[in-house]
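Chemist: after the sequence you'll find the predicted model.
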Amino acid sequence: MTESILKVKKQNLQNLQNLLIEKQKELVDFELDEDDWVEDYEAMIDEADDIWVMGVTFSPSYVIKNLDETVYQMGLTEYVDAIDKTEVSTYKKLEEEIEEIESEIEELESQIEE
């Protein structure tokens, strides 16, 4: 392997190692955004029967959200906190990216050693 090719491979390796550190930090800092889970949370609440008032139907989530925003928000927070973030597609995607980067690093290290 020529010196210039070796230099390029080492630079690529360094870039991948930096990217790996960045992605690992993203994974460690990964948090679920409550706004992404509002529909699921409201669907869970709405599994209860609709509320009828003088012939008008209201969904349970609508009633809770509009009559007691604090209870609604606390429930949403608890709902999101109960989600296993490791099962969320965004988290899984980060894990897959990390695995791919690690594989690329191993491959480059192997090439450099040859």
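Modeler: That came through fine.

Chemist: run through this structure and note the low-pLDDT ranges.
Modeler: Low-confidence segments of the chain (pLDDT under 70): 1.

Chemist: show me it divided up by domain.
Modeler: Using automatic domain parsing, the domain parsing of the chain gives 1-31+86-114, 33-82.

Chemist: in the protein, mark out all the strands, start to finish.
Modeler: Per DSSP state E, the chain carries strands over the ranges 51-53, 56-58.

Chemist: parallel or antiparallel, which strands does the last one pair with?
Modeler: Listed by DSSP bridges, the sheet partners of strand 56-58 and their directions read strand 51-53 (antiparallel).

Chemist: what bridges to the residue nearest to Val63 when sequence neighbours are not counted?
Modeler: Leaving out its chain neighbours, the residue that sits closest to Val63 by Cβ to Cβ, 6 or more residues apart in numbering is Ile51, at 5.4 Å. (Glycine included, C-beta is placed from N, CA and C.) Counting by DSSP bridges, Ile51 forms beta bridges with Phe58.

Chemist: shouldn't Glu26 be in contact with Glu95?
Modeler: No - contact criterion Cβ atoms under 8 Å: Glu26 and Glu95 do not qualify, at 10.5 Å.

Chemist: may I see the buried residues of stretch 58-67?
Modeler: 59-65 (16 or more other Cβ atoms under 10 Å).

Chemist: kindly report the same for stretch 81-96.
Modeler: 91, 94.

Chemist: I'd like the strands of the chain laid out as a markdown table, including distance to Glu39.
Modeler: Listed next are the strands of the chain as a markdown table, based on distance: least, Cβ to Cβ, whole Å:
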| stretch | distance to Glu39 |
| --- | --- |
| strand 51-53 | 19 |
| strand 56-58 | 18 |
